[in-house]
Structures are given as structure tokens and as C-alpha cells.
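1. coords below, sequence missing:
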């Protein structure tokens, strides 16, 4: 048996063992949290968060007006296609072709293909945002930060497994800090809410046996660090152009 196959079998057995130790309702809740805050959805959550905190960044005066505006609604749909629909279809195709053992991709090495595909899609999103003056700089920076975080995770994944769920949540915490700093109506409470959600996501991944503690924290650090690099770089460039 190859080392990769042995590692995959151990990961599956670990997850099954961990889940067997928990009440069925708790496992179901953890699975629900993992689905609702799946990494493919994080860019969409960042869009909504930024629109809620400061709709003026989207050239409208209210949160609902962001999605009533044709340009912004088309931007959201385009983002949903490239950050959610296409990655999901890619993974489904890989599962149908037996390139991955399951949609959860418990094995470290079977995540390499999806990492590369999603990384390239995120680069496409960033380049399009960067060249579109109607997209807020904050959202463009988040797209770049997500790309950086993904490739940081990809690098570490070559040596050890890392939680992409918590990578996404680490990035969303950074985005919340930025969005709240841009808010005009005192939405500081959102930071506490997002940190709480991030903790729930990490706990859910541990409960399901999908990751070890170090992999959970590694994800948070990778996601947050990727966003900080992107924010500092793009805002410094923007300041120089003023």
C-alpha cells in the first residue's frame, strides 16, 4: 500500500472514530456548520459584509440598494459563479472521476488538484476586480488575500494537512476588521460575531475528526496573514497613486 493510501485510510478512520464518540445530533450540527461556512462561500460572505458595513463603497446609499443595483448584483452573481459554482463543479467532477475519495477530501494529497484549480480561479477574480474601477478596493484586496492564503495553505499542505475552513474564517476575521473600520453606523459588534462563528467552525472541524488542533490554528493564521499582506500591499499602492 502506498504511503498516500495509508495516510488517507488513517484520516478516514480517525474521522469515523471521532464522530462515533459524539451524539448524532452534535455531529449533524457540526456538518451543518461546515457546509454553511464552506471555504467556497467566504468571498460571497465578504461581499455581503462589506456591503452591510458601508454600501457607499458600492456607490449606493443602503445595503438593500447594493443588490437592487444592476451593476452590483451582476458583480455578485459573477463572483458566485467563479468562487462557488465553478469550484464546486470541479470537485464534483473530480469525485465522479475518482480523483478524490469523497467531497470532504480527507486525504492531504488529494487536495492538491482542487487547490490549484481554485487558486487559479481566485487569481482570475483578483485580476478582474483590479481592472474594474466599480469594485471597492477593499473587496479587491480580499480577493488577493484569499489567493495568497490559498497558496500558503497549498505550500503547507505538501508537508502537513491544514484546515481550509479555518483559513477562510481567518481571512473573514481580517475582512471584518477592515469592514468595521470603514463602517459609518457602528457595526463593531460584527467582529465579535465573526470571531464566535470562526470558533464554531474550528470546533466543528475538530469534532468531525477532519483536523488536528495544530491544523485548525494553522488555518486561522494562514487566512489572517494572507489578508494582512494583501491589505498592506494594495492600500500602500493606492496611497502612492493619490
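-> Structure's in. What do you need? Quick caveat, the model's predicted, so the values are computed rather than measured.
2. SS state for residue 186?
-> Put simply, residue 186 is coil when judged by DSSP: H, G, I helix; E, B strand; the rest coil.
3. Could you report the distance from it to residue 50?
-> According to CB to CB, to the nearest Å, residue 186 stands 16 Å off from residue 50. Every residue, glycine included, has its C-beta placed from N, CA and C.
4. so who does residue 41 touch?
-> 83-84 (CB atoms under 8 Å, 6 or more residues apart in numbering).
5. What separation do you get for it and residue 227?
-> Taking CB to CB, one finds residue 41 at 16 Å from residue 227.
6. Over to residue 145?
-> 4 Å.
7. Residue 35 now?
-> From residue 35 to residue 227 the distance is 23 Å (CB to CB).
8. Please identify which of those two sits among more neighbours.
-> Counted by other CB atoms under 10 Å, residue 35 and residue 227 do not tie: residue 227 has more neighbours, with 26 against 10.
9. Helix, strand, or coil at the more buried one?
-> helix.
10. So residue 130 is in contact with residue 140, correct?
-> Yes - Residue 130 is within contact range of residue 140, at 5.5 Å (criterion: CB atoms under 8 Å).
11. Among those two, which residue is more densely surrounded?
-> Set residue 130 next to residue 140 and count neighbours by other CB under 10 Å: residue 140 wins out with 21 against 15.
12. Now the more buried one: phi and psi?
-> phi -60, psi -40 (degrees, to the nearest 10).
13. Roughly how far does it sit from residue 165?
-> Counting by CB to CB, the gap from residue 140 to residue 165 is 24 Å.
14. Repeat that for residue 69.
-> On the measure of CB to CB, residue 69 and residue 165 end up 31 Å apart.
15. more crowded one of these two?
-> residue 165 (25 against 17).
16. Please give me every residue in contact with that one.
-> Residue 165 makes contact with 34, 37-39, 201-202, 204-205, 210, 219 under the criterion CB under 8 Å, 6+ apart.
17. which of the residues you listed has the weakest pLDDT?
-> Note: of the contacts of residue 165, the lowest pLDDT belongs to residue 210, at 87.
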